[in-house]
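Visitor: this one's structure only:
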Ligand code: BG6
């Protein structure tokens, strides 16, 4: 395996811990070699020591096994080149020949964990040095492209160097157990699917918010923003899992066809949508946190979004008229990713209930993280005389399903790639379909320097305008409590 961007954040935080766990759990052959490639200068030994130190920080202490960690890092190598310079690939070729003992190394997996500006360059250089043989595979991080045009151009570049089945566009949300569980929940049960449509569902919320800022990723983030970083890929994947038709089978073709169909059915954003149904925010300083514009490598007059809430529509028979509200933000009160499906209320209420506690429609909450699980809110009779009804929760936490902790998304996806299964990776046409939907919004922001960008103090739930957008539908965002505990997840209950 060759990791480009080997001295970067993603490699130390996610890739190395994932690869270590694959080795430790005997999910990969122990005769692997990993060649880290980057501009920072290391020799093999320095790199091994550096990764060993980082593993101690980023692998759960329960999973740290000294012998396994030492063996793992002994399989690491490092090559310091500039991946943007074609001539440097001569050195890469020689190094790979030494490591594999082959004249034309081909049994290779590339992982591009570099800044996005290198995504288009690396495959062309690999091709030039015939490092794109039929057995090779390439994993490329998101965001794949900057807009529709650049994504199309990237697709052209990748398919000129590799065939589609060698290209793995990663979206790590699809590697999350609980994201996959949406499919099991919907399609392994007979009771939800008949209700899963416009006749019974009032609206859907999809939230993926974080209580962290941009850490030390200012350079990348300031050119990207929340729409490109989260909405165009992770959030829209969750929309697809929630809204898709049942695939004929769970395989790379049928599943990914259904994803593309959802993207193609997204209702194009009208002028009213652009003005009123997209709320863009940026965090400002609060007592404890600095504001976005004070972050390292961020321009002091940056207009980059760190928060987006928007209303989407899906124009097909199942979903016509049902709003999907999605939101993401940095520096929110807590980290949570969840899907909240609001069913319509019963047509007639014959029971008494205390003002403010009356059951509305049932709510189904699919929690992707943390406290992975599924919660269904139902009206129940309050014990005692009379007949009063209040809301109660049927709550299944995922760890009750056998006590196995949810696996790491990166480990799952890298393992899938090694075994040649691209089902949980994004196909070229899907990336383009998603950008096609968001492109008018990007153009609108580009051409309207006065389009609102609302400030919100770090540590709050985002701009008030976002609540107002929900209120139009007679709804409000479902905000989990700041300190999540299993027994008290939602503050307002
Ligand atoms: C990444 C984004 O893709 O996803 C980050 O670039 C974000 O900005 C992260 O923090 C969130 O992933 P997770 O798995 O921690 O929810």
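Guide: Cool, the structure landed. Since the model is a prediction, treat every value here as computed from it, not as a measurement.
Visitor: what residues does the chain put near the ligand?
Guide: Proximity of the chain to the ligand, by CB under 6 Å from any ligand atom, involves residues 210, 229, 337. The C-beta positions use only the backbone N, C-alpha and C, and glycine is treated the same way.
Visitor: run the last query once more with 5 Å
Guide: Within the chain, the positions adjacent to the ligand are residue 229 by CB under 5 Å from any ligand atom.
Visitor: Now the chain against the ligand: closest residue?
Guide: residue 229 (4.7 Å; CB to the nearest ligand atom).
Visitor: Surely residue 257 and residue 246 touch.
Guide: No - if you go by CB atoms under 8 Å, residue 257 and residue 246 don't touch, sitting 11.7 Å apart.
Visitor: These two - which one has more neighbours?
Guide: residue 257 (17 against 13; other CB atoms under 10 Å).
Visitor: Now do the more buried one against residue 191, distance only.
Guide: Distance from residue 257 to residue 191, counting by CB to CB, to the nearest Å: 26 Å.
Visitor: now residue 225
Guide: Distance from residue 225 to residue 191, by CB to CB: 40 Å.
Visitor: which one of these two has more residues nearby?
Guide: When residue 225 and residue 191 are compared for neighbours, residue 225 comes out ahead with 22 against 6, by other CB under 10 Å.
Visitor: Verify the contact between that one and residue 305 for me.
Guide: Yes - applying CB under 8 Å as the test, residue 225 and residue 305 come out as touching, 4.4 Å apart.
Visitor: any low-confidence regions in this protein?
Guide: 356-357, 359, 400-406, 481-493 (pLDDT under 70).
Visitor: Quick check: residue 339 is in a helix.
Guide: No - with DSSP: H, G, I helix; E, B strand; the rest coil as the criterion, residue 339 is strand rather than part of a helix.
Visitor: from here on, count from 33
Guide: Noted, 33 is the first residue going forward, which turns the last one into residue 371.
Visitor: How many residues are close by it?
Guide: 24.
Visitor: Run through the residues that contact it.
Guide: 214, 236-239, 270, 274, 397-398, 400 (CB atoms under 8 Å, 6 or more residues apart in numbering).
Visitor: Show me where the stretch 133-282 of the chain has its strands.
Guide: Applying DSSP state E, counting those that start in this stretch to the stretch 133-282 of the chain gives strands spanning 141-144, 169-172, 199-201, 233-241.
Visitor: Take those strands and lay them out in TSV including mean neighbour count.
Guide: Putting the strands of the stretch 133-282 of the chain into TSV (neighbours: other CB atoms under 10 Å) gives the following:
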stretch	mean neighbour count
strand 141-144	23
strand 169-172	22
strand 199-201	23
strand 233-241	22
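Visitor: what about those, which gets the closest to residue 448?
Guide: Of all these, it is strand 199-201 that lies closest to residue 448, at 8.3 Å by CB to CB.
Visitor: just checking, what packs against that closest one?
Guide: strand 169-172, helix 460-479 (3 or more CB pairs under 8 Å, 6 or more residues apart in numbering; DSSP states H and E).
Visitor: Partner strands of the shortest one, with direction?
Guide: Neighbouring strands of strand 169-172 in its sheet, by DSSP bridges, are strand 141-144 (parallel), strand 199-201 (parallel).
Visitor: Can you lay out these as TSV showing distance to residue 150?
Guide: Formatted as TSV, the strands paired with strand 169-172 follow (distance: least, CB to CB, whole Å):
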stretch	distance to residue 150
strand 141-144	7
strand 199-201	15
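Visitor: follow-up on the earlier one: Throw the strands of the stretch 133-282 of the chain into TSV and include distance to residue 492, thanks.
Guide: Output for those, formatted as TSV (distance: least, CB to CB, whole Å):
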stretch	distance to residue 492
strand 141-144	36
strand 169-172	35
strand 199-201	34
strand 233-241	11
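Visitor: can you tell which of the ones you listed is closest to residue 307?
Guide: strand 233-241 (20.3 Å).
Visitor: How far does that closest one sit from its chain's centre?
Guide: 16 Å (CA atoms, centre = their mean, to the nearest Å).
Visitor: Other residues contacting that strand?
Guide: So strand 233-241 is contacted by 205, 227, 262, 266-267, 270-271, 274-275, 354-361, 364, 366-377, 393, 400, 494, 505, 507, 509-510 (CB under 8 Å, 6+ apart).
Visitor: Within its sheet, name the partner strands of it and how each one runs.
Guide: strand 356-361 (parallel), strand 368-375 (antiparallel).
Visitor: ranking the helices and strands packed on strand 199-201 by burial, who's on top?
Guide: With neighbours defined as mean count of other CB atoms under 10 Å, those peak in mean count at strand 169-172, which reaches a mean of 22.
Visitor: gap between it and the chain center?
Guide: Distance, centroid of strand 169-172 to centroid of chain: 17 Å (CA atoms, centre = their mean).
Visitor: go on, stretch 484-496?
Guide: For stretch 484-496, the distance to the chain centre is 22 Å (CA atoms, centre = their mean).
Visitor: Over to stretch 274-286?
Guide: Per CA atoms, centre = their mean, the centroid offset for stretch 274-286 relative to its chain is 19 Å.
Visitor: List of residues touching it?
Guide: By CB under 8 Å, 6+ apart, the list of residues contacting stretch 274-286 reads 214-215, 218-219, 225, 236, 238, 287, 289-291, 293-294, 346, 350-351, 356, 371, 373, 453-455.
Visitor: quick one on the thing from earlier: quick one: closest of the strands of the stretch 133-282 of the chain to residue 387.
Guide: Between the strands of the stretch 133-282 of the chain, strand 233-241 lies closest to residue 387; by CB to CB that is 21.3 Å.
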